[in-house]
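Trainee: no FASTA, just this:
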């Protein structure tokens, strides 16, 4: 069976003909929230230290009282990402069914790079949303605005850095899946 690699999250096999897929997607969504919350808690701790403030270990997990708003953001992002990957599966399913494996793999890789590239470019202006929600105690919509305002002046460099980081991550995933 053919699986799809999500460069922002875990390995996700999006094949609706396989009953294990729903469990895999649910696990992906369930893990995106605690991992995202811990990440933003650690980012906030670093930000507080840079400001000269002290922050206790418990505050890393309390997230300034904004854990619920940040969790909604991470869950929405995971759902949107999996929907895009599912659309990629449906777009390439007929190519794989035709039987020309070399063409199908090439078609799949091009689509994967295009879709992953679009996800990276579109998501880059919003990389600070969770931190804005937690640190500034904003709603998710206000966090989107704050992230856009903070990143728009640096967008080309941030997109380049995000692409490089995702390519490094993708090469690690491919080395694990394919082998060295």
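Mentor: Structure's in. What do you need? Computed from a prediction, not measured in an experiment: that's the story for all the values here. Residues are numbered from 1 along each chain as shown.

Trainee: CA only for contacts and neighbour counts going forward, please
Mentor: Noted.

Trainee: just the strands in the protein please.
Mentor: 4-5, 11-12 (DSSP state E).

Trainee: Tell me which residues of stretch 65-76 come out buried.
Mentor: Buried residues in stretch 65-76, counting neighbours by 16 or more other C-alpha atoms under 10 Å, are found at 66-67, 69-71, 73-75.

Trainee: Sorry, wrong one. I was asking about stretch 77-85.
Mentor: Quick answer for stretch 77-85 (16+ other C-alpha under 10 Å): 77-79, 81-82, 85.

Trainee: I'd like the mean pLDDT over it, please.
Mentor: The pLDDT scores in stretch 77-85 average 76.

Trainee: same check, this time on stretch 123-137
Mentor: Here the average pLDDT along stretch 123-137 is 88.

Trainee: same thing with stretch 46-65?
Mentor: 83.

Trainee: What's the end-to-end length of that stretch?
Mentor: Taking C-alpha to C-alpha, to the nearest Å, the first and last residues of stretch 46-65 lie 17 Å apart.

Trainee: Please work out which residues outside it touch it.
Mentor: Counting by C-alpha atoms under 8 Å, 6 or more residues apart in numbering, stretch 46-65 makes contact with 37-38, 40-42, 44-45, 134-135, 137, all of which sit outside it.

Trainee: Residue 136 and residue 48: what is the separation?
Mentor: 12 Å.

Trainee: cool, and residue 114?
Mentor: Residue 114 is 37 Å from residue 48, by C-alpha to C-alpha.

Trainee: cool, residue 56 as well?
Mentor: 10 Å.

Trainee: okay, these two: which has more neighbours?
Mentor: residue 48 (14 against 8; other C-alpha atoms under 10 Å).

Trainee: so how far is residue 131 from that one?
Mentor: Taking C-alpha to C-alpha, one finds residue 48 at 12 Å from residue 131.

Trainee: One more: residue 159?
Mentor: From residue 159 to residue 131 the distance is 18 Å (C-alpha to C-alpha).

Trainee: So between these two, which is more surrounded?
Mentor: Taking neighbours as other C-alpha under 10 Å, residue 159 and residue 131 compare with residue 131 leading, 24 against 18.

Trainee: doesn't residue 43 make contact with the more buried one?
Mentor: Yes - with contacts counted by C-alpha atoms under 8 Å, residue 131 reaches residue 43, the gap being 7.2 Å.

Trainee: Quick check, residue 148 in contact with residue 126.
Mentor: Yes - under the criterion of C-alpha under 8 Å, residue 148 makes contact with residue 126 at 6.2 Å.
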